[in-house]
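Enquirer: coords please:
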Amino acid sequence: MTTSPSPSPPRASERLQDLLPPDLWKLLARHDITTLAQVEELYPAKLLKIHYLGPVRFRQIEALLFPGRRYEVPMQAPIETEDLDGTSLEGLVSRRVLITLRRHGIKTVQQLMAAYPRRLVEITGFGIQALREVEATFFEGQRFEPMKSRKTMRNTIK
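Expert: Got it, this is the predicted structure:
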């Protein structure tokens, strides 16, 4: 009885072209990443920063090159909002949310707390995802359910 040898684990000097599907190794090759050793050096933080390498492709690379390993983004500790009156929103919310809020004159935690939820849902470009991000950061356990149209929301939140 003969058994086929089990595939050997990838070696650090192996080319990614031999280990990954074409779309993945080409994406990495565009950034001059051609060997497993280079990917190991960048895993996980620098690999996640590569342009066009989103979470789905990251998980594919992880499953193919690092079986049994799974990178989890560290959770931030809840923010005590009482300690943040007058504090800038920078670093507390994503850049996209920060820019949208600043464009509408909301620059501090105190201003944000005063604007929730009525003024926030009226801001153009401040959608449900931004609202959920703000709620998760500053209003733990609260969940405002906006209606379909902004006109309806304005009439019901008075």
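Enquirer: so the nearest residue to I50 once chain neighbours are set aside: helix, strand or coil?
Expert: With sequence-adjacent residues excluded and distances taken as C-beta to C-beta, 6 or more residues apart in numbering, I50 is closest to H31, at 5.7 Å. Just so you know, the C-beta spots here come from the backbone N, C-alpha and C atoms, and that holds for glycine as well. Three-state assignment for H31 (DSSP: H, G, I helix; E, B strand; the rest coil): coil.
Enquirer: burial measure for H31, as a count.
Expert: By the criterion of other C-beta atoms under 10 Å, H31 has 14 neighbours.
Enquirer: can you check L89 too?
Expert: 20.
Enquirer: list the contacts for it?
Expert: Counting by C-beta atoms under 8 Å, 6 or more residues apart in numbering, L89 makes contact with L98, L101, R102, I106, K107, T108, V109, L112.
Enquirer: picking up where we left off before, pretty sure the residue nearest to I50 contacts K49?
Expert: No. Using C-beta atoms under 8 Å, H31 makes no contact with K49, being 10.1 Å away.
Enquirer: any stretches of the protein with poor pLDDT?
Expert: Within the chain, the segments meeting pLDDT under 70 span 1-12, 73, 75-86, 147-158.
Enquirer: got the domain ranges for it?
Expert: Domain ranges of the chain: 16-65, 81-156, per automatic domain parsing.
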